[in-house]
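Chemist: predicted structure and sequence below. I'll ask about it afterward.
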Amino acid sequence: MVVNLLKGFCRAVLPLYPRKALSTNVLVRRTPSLGKHLIGLSRSSTSVNHRKLVRNGEEKKSVIWIEGNIASGKTTCLEYFSKTSDIEVLTEPVSKWRNVQGCNPLGLMYQDPSRWGLTHQTYVQLTMLDRHVLPTASPIRMMERSIYSAKYIFVENLYKSGKMPEVDFAVLSEWFEWIIKNIAIPVDLIVYLQTSPQTCYKRLKQRCREEEKVIPLEYLESIHNLYEDWLIHHKSFEVPAPVLVIPADHDLKKMLHQYEENREKILMAHC
Ligand SMILES: Nc1ncnc2c1ncn2[C@@H]1O[C@H](COP(=O)(O)OP(=O)(O)O)[C@@H](O)[C@H]1O
Ligand SMILES: Nc1ccn([C@H]2C[C@H](O)[C@@H](COP(=O)(O)O)O2)c(=O)n1
């Protein structure tokens, strides 16, 4: 009875409101661009169960993207949340980028971006799209980056720095526009791990991935600025979901503490 009443309410009233603003008490600041910036949650919402409303007899799945600079701690964050039941985690397919049929497009791109940037980013686009359309097995999906950041951050960086020829950029842009127009890429929340480029540089050196040994601090600064313009200042491109910013320069212990503090905000992203 109560469930039916609730369902009726949802059907009649929810469509009248912006989806994310009503049901979770998420405080959303509207910005001049298309994006919204999530700046906090009201206290009462923290007790809400993260299981979703039922629509058309199906459980609604939530999709959360973890975004951030290279070596900002995305994988570490995902590893932490992967221990929670009901959450499935999709990391970036970096191993594929390092080995597609015996070739290493990631390494080639770092060696000669003008020659191999298009090759690498085409493969990134394909493999990220493959991730986005993978059927979800759990109520909550957390994934590392997205086809959006591939285009808005990495392709943009190659082009803006003069390392991608105009024709390569045009072809990738047309592909991207076609994909987002014709294929549903669901997302409910973007978690932005905000770091300084210096922190990332330190962590990158510590991780010591062979292909990345040639990355200078300036490269991480450019990626950082593009992320900030996109997700913080809303100066560049459409932001497809609310953004939760987590300062991520801290040591691991403090980061895990912050993830715990933000757990409800993140897991209620679908409401
Ligand atoms: N909060 C942290 N403090 C110190 N080192 C960290 C922290 N988070 C991650 N690391 C280390 O930094 C490196 C990059 O982290 P990782 O999670 O792989 O980043 P990303 O997936 O964003 O590239 C790894 O060696 C990881 O162990
Ligand atoms: N569209 C992309 C996405 C990532 N990369 C590079 C950057 C790193 O060297 C590597 C993996 O990134 P991480 O998960 O460590 O932040 O892939 C790229 O070139 N283009």
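Modeler: That came through, no problem. Ligands and ions are numbered 1, 2, ... in the order given.
Chemist: how about the residues of the stretch 51-200 of the chain by ligand 2?
Modeler: Counting by CB under 6 Å from any ligand atom, the stretch 51-200 of the chain comes close to ligand 2 at 70-71, 74, 92, 94, 106, 124, 150, 154. C-beta here means a position set from N, CA and C on the backbone, and glycine is covered the same way.
Chemist: which stretches of the stretch 151-271 of the chain have low pLDDT?
Modeler: Counting by pLDDT under 70, the stretch 151-271 of the chain has low-confidence residues at 270-271.
Chemist: so where do the helices sit in it?
Modeler: Listed in chain order, the helices found in the stretch 151-271 of the chain under DSSP state H, counting those that start in this stretch are 156-160, 166-182, 197-207, 217-227, 252-261, 263-267.
Chemist: any chance of these in JSON lines, plus distance to ligand 1?
Modeler: Below are the helices of the stretch 151-271 of the chain laid out as JSON lines (distance: least, CB to the nearest ligand atom, whole Å):
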{"stretch": "helix 156-160", "distance to ligand 1": "16"}
{"stretch": "helix 166-182", "distance to ligand 1": "22"}
{"stretch": "helix 197-207", "distance to ligand 1": "3"}
{"stretch": "helix 217-227", "distance to ligand 1": "11"}
{"stretch": "helix 252-261", "distance to ligand 1": "4"}
{"stretch": "helix 263-267", "distance to ligand 1": "16"}
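Chemist: so how many other residues sit close to residue 98?
Modeler: Neighbourhood size, residue 98 [other CB atoms under 10 Å]: 15.
Chemist: residue contacts, it?
Modeler: Residues in contact with residue 98 (CB atoms under 8 Å, 6 or more residues apart in numbering) are 104, 106-107, 211.
Chemist: give me the buried subset of these.
Modeler: 104, 106-107, 211 (16 or more other CB atoms under 10 Å).
Chemist: okay, those in a markdown table with secondary structure and distance to residue 133 next?
Modeler: Formatted as a markdown table, the buried ones among the contacts of residue 98 follow (DSSP: H, G, I helix; E, B strand; the rest coil; distance: CB to CB, whole Å):
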| residue | secondary structure | distance to residue 133 |
| --- | --- | --- |
| 104 | coil | 25 |
| 106 | helix | 22 |
| 107 | helix | 27 |
| 211 | helix | 27 |
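Chemist: ok, and of those, which contact ligand 1?
Modeler: Counting by CB under 6 Å from any ligand atom, no member of these is near ligand 1.
Chemist: ok, these vs ligand 2, which is closest?
Modeler: Comparing the buried ones among the contacts of residue 98 against ligand 2 with CB to the nearest ligand atom places residue 106 closest, at 5.7 Å.
Chemist: roughly how far does the closest one sit from ligand 1?
Modeler: Separation of residue 106 from ligand 1 (CB to the nearest ligand atom, to the nearest Å) stands at 13 Å.
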